[in-house]
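*Asks:* what follows is a predicted structure for the sequence shown.
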Amino acid sequence: MNRHPTRHWHALADGRIQCDLCPRACKLQNGQRGLCFVRMAADDRIVLTTYGRSSGFCIDPIEKKPLNHFLPGTAVLSFGTAGCNLACKFCQNWDISKSRQIDTLADAASPETLARDAADLGCRSVAFTYNDPVIFMEYAIDVAQACHQRGIKTVAVTAGYICAEPRAQFYAHMDAANVDLKGFTESFYAKLCAGQLQPVLETLQYLKHETDVWFEITNLLIPGQNDSDAELEAMTQWVVAHLGPDVPMHFTAFHPDYKMRHIPPTPPAALSRARQIASKNGVRYAYTGNVHDKQGGSTFCHQCGAALIGRDWYLLSEWGLTDDGRCQTCHTPCAGIFDGPPGTWGAKRQPIRLSTQ
C-alpha cells in the first residue's frame, strides 16, 4: 500500500492520532482511516494512501471547472483521486468521491510526468478536480511545483473545507480555484453535507484578502433545500460585503443523484432568478450553469453593458476584451486573469492516458 507521509496531525494522550487537515479532526487508531478514506493512521502518524494515483485524466475547457475569468478558451488537464472529506447526499461525482481507491485508481502518474504531458498536450493549466484536492494536498502540491517549473498554472476545484495552517500551505501553490459554496446555512451543511459552513467562509475570505489566487464561486441550487430567495439574498450580500463585487458566482443546476434521487432537477428559471438576485446585490459577474443559457453564461461589462465574452455552453463566441483584459468599448477593466487573445480549445472533452516514460 502507498503510504506517503503527511504533515498536519498530532498524537493524542490516549494513543490515537488526530488528523489536523480539515475541521473534521478525525481521531484514529493505527490502521483506521478518516472519513475521507485516503488519510490513514499508520506507524503512529497520518499517511496519504493515494499519492501518485488517479481515477483518470481528461483535457477539458477551463470553463468547465467552472472558471470564466481565468485564461478563457484554454485547455486544462483535469484529474482527481478518490475520497472526500465531506459527505454530501447530493454529490454529483459520488462514484469518485465515495469510492474506495482500490476500485477506482487505475492510473498512475508522477508529478513530473503530469507536468510534462500537460505541456506536451498544449494545456495552459492542470486542475485538481473530480474529488476535493485538499485531501490529497501533498500530491497536489508536488504536481503544482512540477507544473510551475514548466510555466503551467494550477487550479483547485474544492469545497474549501480545510483548516488554517494547511490552507495556507495548499493555496501557496495554486494559481486559481473554484470554491463550491454549497449553501448558506449551518443547517444545510450539517444535514446534507455532514460539515460546517463557517470554515468555507473562512477559506473564501482567506483567498480574497491574503492570497493572489484567482477564485470563483459555484453554488449548486437544489430545489427546496438551498434555493429560497432569502438564502440567495443573504449569500450574495455576504459575498459582496466580504469578498467584493468582482468575484464571479456560478449558479448551477442540480440533477437527481446519489442519495437525493427523489429531488427534481433545478428549473432553469430558478437559476435565472438567482443570477438576478446576485446582480441586484452587486455581484458583477453572475452566471448560470449546467443548462443551455447563452445570456446567463456570457460575460458583460459592468460599466457599459457590452458583451465581453460570449459563451454557448463551453464554446466562446463574442470577444470584446483587449489583450490586457479591458472592455473594448469603454476600456473598463474586467476582473480576471487574461493573457492576450482567447484560447481555441472549444467545448471538446478528451480523455487521455498519460505517458509511461
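*Replies:* Nice, I can see it.

*Asks:* tell me the contacts of residue 249?
*Replies:* 216, 217, 218, 219, 236, 239, 278, 283, 285, 286, 287 (Cβ atoms under 8 Å, 6 or more residues apart in numbering). No exception for glycine: its C-beta is placed from N, CA and C like everyone else's.

*Asks:* so which of the residues you listed belong to helices?
*Replies:* 236, 239, 278 (DSSP state H).

*Asks:* kindly confirm my reading that residue 155 is in a strand.
*Replies:* Yes - counting by DSSP: H, G, I helix; E, B strand; the rest coil, residue 155 falls inside a strand.

*Asks:* do I have it right that it meets residue 125?
*Replies:* Yes - using Cβ atoms under 8 Å, residue 155 is in contact with residue 125, at 5.3 Å.

*Asks:* which residues do those two both contact?
*Replies:* Common neighbours of residue 155 and residue 125 (Cβ under 8 Å, 6+ apart) are 62, 70, 76, 175, 176.

*Asks:* any idea how far residue 214 is from residue 156?
*Replies:* From residue 156 across to residue 214, the span is 11 Å (Cβ to Cβ, to the nearest Å).

*Asks:* higher neighbour count, those two?
*Replies:* For residue 156 versus residue 214, neighbours defined as other Cβ atoms under 10 Å are more numerous around residue 156 (27 against 22).

*Asks:* surely that one and residue 135 touch.
*Replies:* No - using Cβ under 8 Å, residue 156 is not in contact with residue 135; the gap is 11.7 Å.

*Asks:* what sits closest to residue 240 if chain neighbours are left out?
*Replies:* residue 282 (4.2 Å; Cβ to Cβ, 6 or more residues apart in numbering).

*Asks:* so how far is residue 239 from the one you found?
*Replies:* Distance from residue 282 to residue 239, by Cβ to Cβ: 9 Å.

*Asks:* quick one: the strands in the stretch 1-150 of the chain, in order.
*Replies:* For the stretch 1-150 of the chain, the strands defined by DSSP state E, counting those that start in this stretch cover 4-5, 9-11, 17-19, 27-28, 39-42, 45-48, 53-54, 56-61, 75-80, 107-108, 125-128.

*Asks:* which of the ones in helices among the contacts of residue 249 lies closest to residue 30?
*Replies:* residue 239 (42.9 Å; Cβ to Cβ).

*Asks:* hmm, back to that, output the shared contacts of residue 155 and residue 125 as JSON lines; include the columns pLDDT.
*Replies:* Shown next, in JSON lines, are the shared contacts of residue 155 and residue 125 (pLDDT from 0 to 100):
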{"residue": "62", "pLDDT": "98"}
{"residue": "70", "pLDDT": "98"}
{"residue": "76", "pLDDT": "98"}
{"residue": "175", "pLDDT": "98"}
{"residue": "176", "pLDDT": "99"}
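
*Asks:* just those residues now: which is nearest residue 142?
*Replies:* residue 175 (15.6 Å).

*Asks:* quick one: that closest one from residue 71, how far?
*Replies:* Distance from residue 175 to residue 71, counting by Cβ to Cβ: 9 Å.

*Asks:* shared neighbours, these two?
*Replies:* In contact with both residue 175 and residue 71: 125, 153, 337, using Cβ under 8 Å, 6+ apart.

*Asks:* residue 268 and residue 251 touch, don't they?
*Replies:* No - using Cβ under 8 Å, residue 268 is not in contact with residue 251; the gap is 10.6 Å.

*Asks:* those two: which is more packed in?
*Replies:* Taking other Cβ under 10 Å, residue 268 and residue 251 do not tie; residue 251 has more neighbours (28 against 15).

*Asks:* I figured that one was touching residue 274, is that so?
*Replies:* Yes - at 4.0 Å, residue 251 counts as touching residue 274 under the criterion of Cβ under 8 Å.

*Asks:* coming back round to it: pick out the shakiest of the strands of the stretch 1-150 of the chain, pLDDT-wise.
*Replies:* Within the strands of the stretch 1-150 of the chain, confidence is poorest for strand 107-108, with a mean of 76 (mean pLDDT).

*Asks:* joint contacts of residue 156 and residue 214?
*Replies:* In contact with both residue 156 and residue 214: 176, 177, using Cβ under 8 Å, 6+ apart.

*Asks:* right, and the strands of the stretch 1-150 of the chain - which one's nearest residue 257?
*Replies:* Closest of those to residue 257 is strand 75-80, at 16.8 Å (criterion: Cβ to Cβ).

*Asks:* I'd like to know which elements the closest one is packed against.
*Replies:* strand 56-61, helix 111-120, strand 125-128 (3 or more Cβ pairs under 8 Å, 6 or more residues apart in numbering; DSSP states H and E).

*Asks:* how about the CA coordinates for that strand, as CSV?
*Replies:* Taking C-alpha atoms only, strand 75-80 is exported to CSV below (Å, rounded to 0.1, in the frame of the first residue of the first chain):
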residue,chain,number,x,y,z
ALA,A,75,-7.3,23.6,-22.3
VAL,A,76,-6.8,22.3,-18.8
LEU,A,77,-5.6,18.8,-17.9
SER,A,78,-8.0,17.6,-15.2
PHE,A,79,-7.6,14.7,-12.8
GLY,A,80,-8.7,13.5,-9.3
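
*Asks:* how far does it sit from its chain's centre?
*Replies:* 12 Å (Cα atoms, centre = their mean, to the nearest Å).
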